[in-house]
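**Q** Give me the fold of what follows.
(2 chains)
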Amino acid sequence: MVLTPDFATRPVISFQHVFKTYPTGTEALRDVNLEVPEGDFLFLVGPSGAGKSTLVRLLIREEKPSKGKIFVDGIELGRMKRRRLPHYRRKVGLVFQDFKLLPNLTVYENVAFAMRVLGDPDHEIQARVAEALDTVSLSGKEHTYPANLSGGEQQRVAIARALAHAPRFIIADEPTGNLDPATAWEIMQLFLRINARGATVVMATHNREIVDLLRRRVIAIDAGQIARDDRSGRYHEDVAKPQVRVQ
Amino acid sequence: MLRNLKFAFNSAWQSFWRNLAVSLAAVLSITLILILAGINLLVGHAFSQVLDGFRDKVSEISINVSDDTPLPNVYDFQQQLAADPRVTSVKFVTKDEALTQFKSDPQNGVLAQQIDGNPLDAKLDVHVKNLGDVAAIDAKARQWSGVDPTDPTNYQGDFVNRMLQLSQWLGLAGAALLVILLIVSVVIVMNTIRTAVYHRRKEIEVMKLVGATEWFVRGPFVIEGIMTGLVAAAIALALLVISYEPVVARFKSDVGFIPLSYDPAFISSLATDLLLAGALLGALGSYIGVRRYVRI
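**A** The predicted model follows:
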């Protein structure tokens, strides 16, 4: 079952007139307004340098907005104290294009790492890691090192790590960017399954085929502004089909 | 908490061995600095021993008693001096005892044979608590009616003042050298640890992204720093202990006039100082070195 986002429910992610200007003077985002309800699956699309990655970095609080407010699950990220940041990040599962796996740790250790950081007991770590590896179909590869895995397998390890602490949000920045089309599709199936279990997924991507095939919510960013927010959108604006404008 | 501590110790131990080349570079740098600090402490201790010896000598003043002074007067002045809070002890040496002392000193061998009769004064040997008070006791003695007016005391004001100054300057120089060594070592350790941290920046980035607190990230590095410091301190200590006695013996034979001595009792205090300094240097260097990468 795939959950359809309920726009009537309280948004779990909310951008209110958000601006981001870097110290170099680059205006990465300009007056961005965005609401994401719980259980939503949305694609952030747009050309390179449009502001997608800045939006993701604001969401994981690697950056603070220059102006405006960002709320996630009722917390205003710009005003959150530094010591609260680790607790916030534990609610979020992060997946990146370059996987960010630790090469000197095995598959098991990489996935367990996120839970060790939280100080979870060993027996709980064992059970949850086994479950996460089963979800991404990597059972049996626990003792393999990342260097001996394919790109798709490495990304699945990264997803398992993101899932290990049962996050409510998954934020993925170009998760299929380094993968061939067949593997990219496998990875997308995984994200759909995770979303079906109730996690909200925000994904920045350049993968036109996948966006067009899945027909989920699409937010197109251009020159730091939201150019389009379609409930069931395509990578490029579909002029033949009327769009549901959310904003 | 205990689980986090276990993780930090395991992680520090693994990291120390995995990055053995960098760990050894850090150990070597700290060892060299601690050897220098140890030499400074040992030289300081040797000089303070030498100074203590001199101090002991110059804080004793002999008051020469005039031959015609009645004995009750001498006892009376001896009691006055003994009651003075600045004085540790007063000993009356009769003329005969003074002559025996003079003759028993091998340095006076030839002179003692030529002495006819007893030209020496009886004296009061006064031991003063603080070197700075010797001048006051000397002044008091010179005012006493029973003192030999031609040669009242053996007090050498200039020498004592110079001794006091020298001891102050040596203390200051030693402290300044230790401070310089400390600053240099923290900078070296910080940069060495920063290199180790740079190799592991990806791991730190992942730790932060999955929600590790700053102390969770920092803990293993600080523990690794303490381990590195302790290993370095142990090596430095071993080298210093091995070479301490032979170097002192060599110094004694080459520069005999400075009474340097081997003091095995000082080794335990040196060990405590070096191990503590090693652990602190390692911890401080890691703490500062890892800061830039750990800050969320």
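**Q** For the closest residue to A:Pro181 other than its chain neighbours, give me the pLDDT.
**A** Spatially, and ignoring its direct neighbours in sequence, A:Pro181 is nearest to A:Glu209 (6.7 Å; CB to CB, 6 or more residues apart in numbering or on different chains). Placement of C-beta: from N, CA and C, glycine included. As predicted, A:Glu209 sits at a pLDDT of 90.
**Q** Remind me which helix or strand A:Glu209 belongs to.
**A** Element membership of A:Glu209, judged by DSSP states H and E, is helix A:208-214.
**Q** can you give me phi and psi for A:Glu27?
**A** phi -90, psi 100 (degrees, to the nearest 10).
**Q** check contacts around it.
**A** A:Phe19, A:Lys20, A:Thr21, A:Gly224 (CB atoms under 8 Å, 6 or more residues apart in numbering or on different chains).
**Q** Tell me what it is bridged to.
**A** A:Glu27 forms beta bridges with A:Thr21, as assigned by DSSP bridges.
**Q** Among the contacts of A:Glu27, name the least confidently predicted one.
**A** A:Gly224 (91).
**Q** And that one, how far from chain B?
**A** A:Gly224 is 25 Å from chain B, where distance means CB to the nearest CB, to the nearest Å.
**Q** Grab the nearest non-local neighbour of B:Val231.
**A** B:Val27 is the one closest to B:Val231 (CB to CB, 6+ apart), at 5.3 Å.
**Q** and that neighbour, what is it in contact with?
**A** Shown in contact with B:Val27 (CB under 8 Å, 6+ apart): B:Thr228, B:Val231, B:Ala232, B:Ile235.
**Q** Quick check: phi and psi on the residue of the stretch 51-200 of chain B found nearest chain A?
**A** For the stretch 51-200 of chain B, the residue closest to chain A is B:Arg200, as judged by CB to the nearest CB, at 9.1 Å. Taking degrees, to the nearest 10, you get phi -110, psi 20 for the backbone angles of B:Arg200.
**Q** can I assume it is in contact with B:Ser15?
**A** Yes: B:Arg200 is in contact with B:Ser15 according to CB atoms under 8 Å; the separation is 7.0 Å.
**Q** before we move on, back to that, for the helix holding A:Glu209, packing partners?
**A** strand A:41-45, helix A:181-196 (3 or more CB pairs under 8 Å, 6 or more residues apart in numbering or on different chains; DSSP states H and E).
**Q** what residues does chain A put near chain B?
**A** A:60, A:82-83, A:85-90, A:94, A:100-102, A:104, A:113-114, A:116-119, A:121, A:161, A:165 (CB under 8 Å from any CB of the partner chain).
**Q** Write the ChimeraX selection for whichever of the residues you listed are buried.
**A** The ChimeraX command for the buried members of the residues of chain A next to chain B (criterion: 16 or more other CB atoms under 10 Å in any protein chain shown) is given here:
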select /A:60,85,86,88,89,90,94,100,101,102,104,113,114,116,117,118,119,161,165
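**Q** Spell out the secondary structure type for the residue nearest the centre of chain A.
**A** Centroid check for chain A by CA atoms, centre = their mean gives A:Ile171 as the closest residue, at 1.5 Å. For A:Ile171, the assignment made with DSSP: H, G, I helix; E, B strand; the rest coil gives strand.
**Q** Next one: it from A:Val72, what distance?
**A** 10 Å (CB to CB, to the nearest Å).
**Q** do the same with A:Gln97
**A** A:Gln97 sits 22 Å away from A:Val72, going by CB to CB.
**Q** Looking at these two, which one has more neighbours?
**A** The residue with more neighbours, out of A:Gln97 and A:Val72, is A:Val72; 25 against 18, by other CB atoms under 10 Å in any protein chain shown.
**Q** Read off the pLDDT value for the more buried one.
**A** pLDDT, A:Val72: 92.
**Q** can you tell me the helix or strand for the residue nearest to B:Val231?
**A** Using DSSP H and E, B:Val27 maps to helix B:20-58.
**Q** Please state the offset of the helix or strand following that helix from the chain centre?
**A** Next along the chain after helix B:20-58, taking DSSP H and E as the criterion, comes strand B:60-65. In terms of CA atoms, centre = their mean, to the nearest Å, the gap separating the centre of strand B:60-65 from the centre of its chain is 31 Å.
**Q** what sits up against strand B:60-65?
**A** Counting by CB under 8 Å, 6+ apart, B:74, B:93, B:121-128, B:134, B:137-138, B:141, B:144, B:146-148, B:151-155 sit against strand B:60-65.
**Q** Going through these, which ones are buried?
**A** Members of the contacts of strand B:60-65 classed as buried by 16+ other CB under 10 Å are B:74, B:93, B:121-126, B:128, B:134, B:137-138, B:141, B:144, B:146-148, B:152-153, B:155.
**Q** Tell me the spacing between the residue nearest to A:Arg90 when sequence neighbours are not counted and A:Leu85.
**A** Spatial nearest neighbour of A:Arg90, chain neighbours left out: B:Gly211 (3.7 Å); criterion: CB to CB, 6+ apart. Distance, B:Gly211 to A:Leu85, using CB to CB: 8 Å.
**Q** Please apply the same query to A:Thr176.
**A** A:Thr176 is 28 Å from A:Leu85, by CB to CB.
**Q** what are the ranges of the strands in chain B?
**A** Ranges of strands in chain B, per DSSP state E, are B:60-65, B:87-93, B:122-128.
**Q** Just send the ones you listed back as TSV, with mean pLDDT too.
**A** As requested, these are arranged in TSV below (pLDDT from 0 to 100):
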stretch	mean pLDDT
strand B:60-65	87
strand B:87-93	88
strand B:122-128	88
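**Q** Ramachandran coordinates for A:Gly119?
**A** phi 80, psi 30.
**Q** swap that for A:Gly224, please
**A** phi 80, psi 10.
**Q** Now do the contacts for it.
**A** A:Lys20, A:Glu27, A:Ala28, A:Leu29, A:Arg30, A:Val32, A:Ala50, A:Gly51, A:Thr54.
**Q** so the third one touches A:Gly51, yeah?
**A** Read that as A:Ala28. Yes: because the distance of 4.9 Å satisfies CB under 8 Å, A:Ala28 is recorded as touching A:Gly51.
**Q** quick revisit: which of the residues of chain A next to chain B fall in helices?
**A** If you go by DSSP state H, these have A:Leu85, A:Pro86, A:His87, A:Tyr88, A:Arg89, A:Phe113, A:Ala114, A:Arg116, A:Val117, A:Arg161 in helices.
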